[in-house]
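>>> this one's sequence-less:
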């Protein structure tokens, strides 16, 4: 049944805000990673699984490469390093509008000799042909790159040629996951990410990156098609708590309304969502609080 079948892991890497999560979702055809204009939105490495008749490709969507300024940032960079281990190839995403950065060259110099790298030059829909050609010319001069493909993750344009290049580096083998599975993330984890995504989207520039989400209760009732979810939105300062709640609780209501819609679509049933806002001072530098929120730095370092 699986004669001439290919199966393997591809790490999706790149600088913060290059479009990795949008591209991962577009390739998988399902929402695996949350998307935000904010850099460093993805904090864990996440698996997105593409199942086709002749291959299974497991995409590891990693946090954006950046200079760590706190323990959470250190955790995120450890997640990138872990995501690069024992993969069959790397899908490296570059923001075509910004062009190649010093950190891109550093990544290629460090990794191009040890693993096949396919570059996705993203956002071709938002830049001129001259800008695309300039970036392609620079990339063609870098040794060790397997291929460079201009794409638009947002519009899902030119993804087939990109997939062809990725499939080419996969080894032959059996599927590693059930072929009806598109992610390894639990619904509880996905609920956490959906709530965080809506908070980041609605709060825009008012509250910085110090937002976490903790699920107190995730219960699918047996007597009715209802899922009850209680969650805390964690902030680092009392002043941020007031912003997240909003005047008369209006901002918190908007976050809950938008999150509930996505949650009901994901779970396939009615959702009762209750949100609270808690202050945990400097939680991004507190390993105990980070672990509670799903970012276990010590465990990641051990792996």
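Happy to help now that I have it. None of the values given here were measured: they were computed from a predicted structure. Numbering: from 1, shown residues only.

>>> how about the strands in this structure?
6-14, 46-51, 55-61, 89-95, 117-122, 145-150, 212-220, 226-235, 270-279 (DSSP state E).

>>> in TSV: those strands, plus mean pLDDT, mean neighbour count and distance to residue 193.
(Glycine included, C-beta is placed from N, CA and C.) Shown next, in TSV, are the strands of the chain (pLDDT from 0 to 100; neighbours: other C-beta atoms under 10 Å; distance: least, C-beta to C-beta, whole Å):
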stretch	mean pLDDT	mean neighbour count	distance to residue 193
strand 6-14	91	23	16
strand 46-51	86	21	9
strand 55-61	90	24	11
strand 89-95	94	26	19
strand 117-122	95	26	22
strand 145-150	94	19	28
strand 212-220	93	16	8
strand 226-235	95	21	11
strand 270-279	96	16	14
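
>>> just send those strands back as JSON lines, with distance to residue 257 too.
Formatted as JSON lines, the strands of the chain follow (distance: least, C-beta to C-beta, whole Å):
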{"stretch": "strand 6-14", "distance to residue 257": "31"}
{"stretch": "strand 46-51", "distance to residue 257": "25"}
{"stretch": "strand 55-61", "distance to residue 257": "27"}
{"stretch": "strand 89-95", "distance to residue 257": "31"}
{"stretch": "strand 117-122", "distance to residue 257": "31"}
{"stretch": "strand 145-150", "distance to residue 257": "38"}
{"stretch": "strand 212-220", "distance to residue 257": "16"}
{"stretch": "strand 226-235", "distance to residue 257": "14"}
{"stretch": "strand 270-279", "distance to residue 257": "9"}
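
>>> which of those sits closest to residue 184?
Closest to residue 184 of the strands of the chain is strand 46-51 (C-beta to C-beta; 4.3 Å).

>>> let me know the outermost residue of the chain.
Relative to the centre of the chain, and counting by C-alpha atoms, centre = their mean, the farthest-placed residue is residue 223 at 34.9 Å.

>>> ok, back up a step: out of the strands of the chain, which is closest to residue 102?
strand 89-95 (12.6 Å).

>>> where's the residue found closest to residue 140 once you drop the neighbours it is linked to in the chain relative to residue 221, distance?
Distance criterion C-beta to C-beta, 6 or more residues apart in numbering; nearest residue to residue 140, sequence neighbours excluded, is residue 148 at 7.1 Å. Counting by C-beta to C-beta, to the nearest Å, the separation of residue 148 from residue 221 is 51 Å.

>>> likewise for residue 143?
Distance from residue 143 to residue 221, by C-beta to C-beta: 58 Å.

>>> before we move on, what about residue 130?
Taking C-beta to C-beta, one finds residue 130 at 58 Å from residue 221.

>>> give me the more crowded residue out of those two.
residue 221 (12 against 8; other C-beta atoms under 10 Å).
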